[in-house]
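Asks: test case, fold it:
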Amino acid sequence: MHLLRLALYQPDIPQNAGTLIRLSACLGIPLDVIEPCGFLWDEKRMRRAGMDYVDHARVSRHASYATFRQSLGGGRLVLLTTAGSQRLDGFSFQAGDVIMVGRESAGVPDEVAAHADARLRIPMAAGLRSLNVALAATLAVGQALGQLNAYPPETGS
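Replies: This is a model prediction of the structure:
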């Protein structure tokens, strides 16, 4: 089991997927992509979106949400959602957690949200709707890694 994983539910925008591939590579966090994607996932496009970080990321693609659920093992599913019942800054992450973000255009279906062990919202200024999924995931991953004292060791000067 990994200390932390990140999951993208049916991503719509290849640039966001590429940004999260880079996050995965730089922080050593496995990335789960739950298909179908709203774009063609091929090596050329993902290399363009994820640059040279694609080779350093551990990406697992799942044909459906059901196959992804089978891969969870004992980890908690922590969903980031604007309809979250708990604030991100008040949540205690645990080893094995899987942080999930939904589709940029629609989040996740109610049945997927119902499976989540926690539904977190990111507190924002009044009147604003939501953050980009890559930004939201980055905030949550940073919070989790800080709590778990799990940032990768630095090398060099």
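Asks: pull the contacting residues for Thr82.
Replies: By CB atoms under 8 Å, 6 or more residues apart in numbering, the residues touching Thr82 are 107, 121, 129-130. C-beta: built from backbone N, CA, C; applies to glycine.
Asks: just the buried residues of the residues you listed.
Replies: Buried positions within the contacts of Thr82, assessed by neighbour count (16 or more other CB atoms under 10 Å), are 107, 121.
Asks: in CSV: the contacts of Thr82, plus secondary structure, distance to Ala25 and pLDDT.
Replies: Putting the contacts of Thr82 into CSV (DSSP: H, G, I helix; E, B strand; the rest coil; distance: CB to CB, whole Å; pLDDT from 0 to 100) gives the following:
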residue, secondary structure, distance to Ala25, pLDDT
Gly107, strand, 25, 92
Arg121, strand, 27, 95
Arg129, coil, 29, 84
Ser130, coil, 25, 86
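Asks: turn the contacts of Thr82 into CSV, including distance to Leu27.
Replies: Listed next are the contacts of Thr82 as CSV, based on distance: CB to CB, whole Å:
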residue, distance to Leu27
Gly107, 24
Arg121, 22
Arg129, 27
Ser130, 23
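Asks: strands of this structure, start to end?
Replies: Remark: strands of the chain, listed N- to C-terminal, are 4-9, 31-34, 59-62, 77-80, 86-87, 97-101, 118-121; assignment by DSSP state E.
Asks: pull the distance from stretch 113-131 to the chain's centre.
Replies: When C-alpha coordinates are averaged (CA atoms, centre = their mean, to the nearest Å), stretch 113-131 and its chain have centres 14 Å apart.
Asks: can you pull the buried residues of that stretch?
Replies: By 16+ other CB under 10 Å, the buried positions in stretch 113-131 come out as 113, 116, 118-122, 131.
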